[in-house]
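> predicted model and sequence below, questions to follow.
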Amino acid sequence: MAVLLIPETCTGCRLCLRACPYGAIDMVEGKARFNDNCTQCGACASACAFGAIVIEAAYSRDVDTSQYRGLWVVAEHLHGTPRRGTYELLGEGRRLADALGVELAAVLLGDGVADLAQDLIAHGADTVYLVQDPALAHYRTGPCTDVLAGLINQHKPEIVLFSATPQGRDLAPRVAARLSAGLTADCTGLEVDAQERLLVQTRPAFGGNLMATIVCRHARPQMATVRPGVFRPLEPDPSRTGRVVETPVHLDERAIGLKILEVVQQETDGRVNLQDAEVIVSGGRGLGKPEAFALIRELAEVLGGAVGASRAAVDAGWIPAYHQVGQTGRTVQPKLYIACGISGAVQHLAGMSSADCIIAINKDPTAPIFSVATYGIVGDLFEVLPALTRRLRELRGA
Amino acid sequence: MKSVVCIKQVPETTEVRVDPQTNALIREGVKSIVNPVDENAIEAALQLREAHGGTVTVITMGPPQAEEALRQALAMGADEAVLLTDPASRGSDTLATSYTLAQMVRRLGEVDLVLCGKQAIDGDTGQVGPGLAERLGVPQITFAISLEVNDGRLRARRVLDDFFEVVEVKLPAVVTVVKQINEPRHPSMRNVLRAKRAEITRWTLADLEADPTQTGFDGSPTQVIRVWPPERRAGGKILDGPVEEAVEELARALKDMNLAAG
């Protein structure tokens, strides 16, 4: 991509100057002009109210891919606490970077997060590109896109990976469009072709009815969001060393249009985080009434697990939407998934079929869930669940 | 308030199957529908029109039969519909699609708000909304579970993994919505008849003055090189004897799994 300034259209309003993170714009004779600090991040283009700055898309066939080296992982955190997927990305990123013979770097944007940089090195990063500014304390699309685009243009990594979390799926496509780069969503498999220096990306489509393998031959960097819970992090090694490269920026709140008014925890039913849970006990239409979720909760508690639900149970108002597992709910990857009174429609399976072990309890022997269950009990869940919970408590005590 | 809703016609994905011989999608007999969460986006636009006046324009990019999806949107109450249909846009990935839709929105004049569904049930990427916002040079608000406009400012509640965010931004903006935002209305008889008779504007890429290097195959950096049906999980053991025996066997199996608790 290239960022072009049209002097005849420039009114000298300085909105671009305010928006530039890198101090790359000077006013010369009343008009804006780029200086050598420019990283072509594009922040000025969105800020200009007069159309005097445009982003020219790169034509992918013209990209010199040999200029691009290195594998980057964009770290996700909430005020310095790493979010799910970040360590996994480093674990998988390490394997891919070694296969390509390149450095693995993490990108960390935030405020007061220098400690996390060391943690990322301990988890496999060779380098951490660190950018800190009060405006980056809590994730927002605009400033993160501008800073990340600038870093990518400066350092030219050949691959950039994000977690396919809501944040990753908000940021990655904006950055990809800014850079005219190819982006693949929700990858469940990654390989590299070291000869062609290609990232070979595998992902589900059509609600999981189809798997697709995708490559990006010409545009750079090759970008992907990666499904959390699929790959494994490395064992952290605090003695690992690496370099932290900090880029100073100046972000102006007035140039960032979006304000965050409130951040509120979601209403959930229980303490265990559903998304990361090793064990999930889920209830569906077969429960018949909201009170029956008490049986689900008790079994979940004995197993130290979280409570899930099918769409039918959520739509019936028996449990908050937070718990919904399925194509339009959450995709989970637990070690154990116990489906109670859930028939196993394709859309529900799309959310949980990658569980290591699936157990189904349903009184309908023809329910499709039985065809994917490791163990199935054909029976009345009102009998089975209390009996199972009781027996597990006894065995635990023993 | 002028709003534009981007919709997509998709196959009913529960019916989609892959031919094991050719690994190609079997489309015969598979119903085409409006991407379900796009109906929520249309509903959100209609509710804003009820509150603030203005118009709701629905647009889509697709083969000629995508017109059906636009008529369904008109039947819900949208004011007008535009179809971009051009063989040269075939092979568009999300980058080329967001470019094309952005050109369409620009051609519609001064637009206050663009609404999209969070993701389509065929591609499952969720990438077009943010790409569109980037190309229009406006803020994006993704995963909106509620929306409110006051005095040219949009306030939205976003649903993220385990928390909500309430954000505010000045219009124009692009918003992607989740299905929990509303219940899409059923088409009224009057609107169904109106939709049947409505004139749907058709554009080609030439009408958009589209750069051919940014559309279709040429404008699509990502390339699908292989598709195949996923490995079906094999079924396991069905315990259908007396409850106590089944429970005993299951409890022991769970104990052996060595999970964190129990």
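Received it, and whenever you're ready, just let me know what you need. Numbering: from 1, shown residues only, chains lettered A, B, ... in the order given.

> and B:Ser220, what helix or strand is that in?
Using DSSP states H and E, B:Ser220 falls within no helix or strand.

> report the separation between it and B:Asp112.
Going from B:Ser220 to B:Asp112 by Cβ to Cβ, to the nearest Å gives 30 Å. In short, each C-beta sits where N, CA and C put it, glycine included.

> more neighbours: the two, which one.
Ranked by neighbour count (other Cβ atoms under 10 Å in any protein chain shown), B:Ser220 and B:Asp112 place B:Ser220 first, with 24 against 17.

> my guess is the more buried one contacts B:Asp93. True?
Yes. Contact criterion Cβ atoms under 8 Å: B:Ser220 and B:Asp93 qualify, at 3.8 Å.

> okay, and the common contacts of these two?
Common neighbours of B:Ser220 and B:Asp93, counting by Cβ atoms under 8 Å, 6 or more residues apart in numbering or on different chains, are A:Gly182.

> got phi/psi on residue 221?
Defaulting to chain A. Phi and psi for A:Pro221, reported as degrees, to the nearest 10, are phi -70, psi 160.

> for chain B, what's the longest strand?
Counting residues, the longest strand in chain B under DSSP state E turns out to be strand B:140-150.

> pLDDT (mean, whole number) over it?
On average, the pLDDT along strand B:140-150 is 97.

> parallel or antiparallel, which strands does it pair with?
With DSSP bridges as the test, strand B:140-150 is paired with strand B:153-159 (antiparallel), strand B:173-177 (parallel).

> now the helices for the chain?
With no chain named, the answer covers chain A. With DSSP state H, the ranges of helices along chain A come out as A:15-19, A:43-47, A:86-100, A:114-122, A:141-155, A:166-179, A:293-303, A:311-315, A:346-352, A:381-397.

> my question was about chain B
B:36-52, B:67-76, B:94-107, B:128-136, B:189-197, B:243-256.

> need the CA coordinates for the second one. PDB is fine.
Output for helix B:67-76, consisting of C-alpha atoms alone and laid out as PDB, is shown next (Å, rounded to 0.1, in the frame of the first residue of the first chain):
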ATOM      1  CA  GLU B  67     -32.300 -10.700  -6.000                       C
ATOM      2  CA  GLU B  68     -34.500 -13.100  -4.100                       C
ATOM      3  CA  ALA B  69     -32.700 -12.200  -0.900                       C
ATOM      4  CA  LEU B  70     -33.200  -8.500  -1.600                       C
ATOM      5  CA  ARG B  71     -36.900  -9.000  -2.100                       C
ATOM      6  CA  GLN B  72     -37.100 -10.700   1.300                       C
ATOM      7  CA  ALA B  73     -35.500  -7.600   2.800                       C
ATOM      8  CA  LEU B  74     -38.000  -5.400   1.000                       C
ATOM      9  CA  ALA B  75     -40.800  -7.600   2.300                       C
ATOM     10  CA  MET B  76     -39.600  -6.900   5.800                       C
END
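
> in it, which residues are buried?
B:67, B:69-76 (16 or more other Cβ atoms under 10 Å in any protein chain shown).
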